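Chemist: Need coordinates for the following:
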Amino acid sequence: MEGLGTFLIIAGVFYFMMRFGCGSHMKHGHGGHGNHSGASDVDNNIDPVCGMKVETEKGYGKLHQGMLYRFCSKSCLDKFDAKPELYLNKEQEEHHHDM
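Modeler: Residues are numbered from 1 along each chain as shown. Modelled structure (predicted):
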């Protein structure tokens, strides 16, 4: 019976860690420790180089000026690394045309 009690205590601790701890945000496909600022994941998951939608936790990620950008391929990431201002300016211009 002593082994059963220990097992139940460990199982309870594990449950609460997964429910309320670091693992809690992993349920329902919300991803890892990415953007917690409340901004839309849709904007962050568009490759700024080619415009392709990149699924959360897929492709490549780059933190630039406090913002996480996702890239569909290493090639797009390399292009962004070479001239990020070129692609960020293009992205801002597209948002102004949509308004």
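Chemist: any idea how far Tyr15 is from Lys83?
Modeler: 49 Å (C-beta to C-beta, to the nearest Å). To be clear about C-beta, it is placed using only N, CA and C from the backbone, and glycine gets the same treatment.
Chemist: Same question for His64.
Modeler: Distance from His64 to Tyr15, by C-beta to C-beta: 38 Å.
Chemist: Send me the longest helix belonging to the chain as PDB with only the CA atoms.
Modeler: Secondary structure assigned by DSSP state H gives helix 2-20 as the longest helix of the chain. This file holds the C-alpha atoms of helix 2-20, laid out as PDB (Å, rounded to 0.1, in the frame of the first residue of the first chain):
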ATOM      1  CA  GLU A   2       2.900   2.400   0.600                       C
ATOM      2  CA  GLY A   3       3.900   2.100  -3.100                       C
ATOM      3  CA  LEU A   4       0.300   3.000  -4.100                       C
ATOM      4  CA  GLY A   5       0.300   6.100  -2.000                       C
ATOM      5  CA  THR A   6       3.600   7.300  -3.400                       C
ATOM      6  CA  PHE A   7       2.400   6.700  -6.900                       C
ATOM      7  CA  LEU A   8      -0.800   8.700  -6.300                       C
ATOM      8  CA  ILE A   9       1.200  11.600  -4.900                       C
ATOM      9  CA  ILE A  10       3.500  11.600  -7.900                       C
ATOM     10  CA  ALA A  11       0.600  11.300 -10.300                       C
ATOM     11  CA  GLY A  12      -1.200  14.200  -8.600                       C
ATOM     12  CA  VAL A  13       1.900  16.500  -8.800                       C
ATOM     13  CA  PHE A  14       2.400  15.500 -12.500                       C
ATOM     14  CA  TYR A  15      -1.300  16.400 -13.200                       C
ATOM     15  CA  PHE A  16      -1.000  19.800 -11.600                       C
ATOM     16  CA  MET A  17       2.300  20.600 -13.400                       C
ATOM     17  CA  MET A  18       0.800  19.700 -16.800                       C
ATOM     18  CA  ARG A  19      -2.500  21.500 -16.000                       C
ATOM     19  CA  PHE A  20      -1.200  24.700 -14.500                       C
END
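Chemist: Go through it and flag the buried ones.
Modeler: Neighbour counts over helix 2-20 (16 or more other C-beta atoms under 10 Å) mark no residue as buried.
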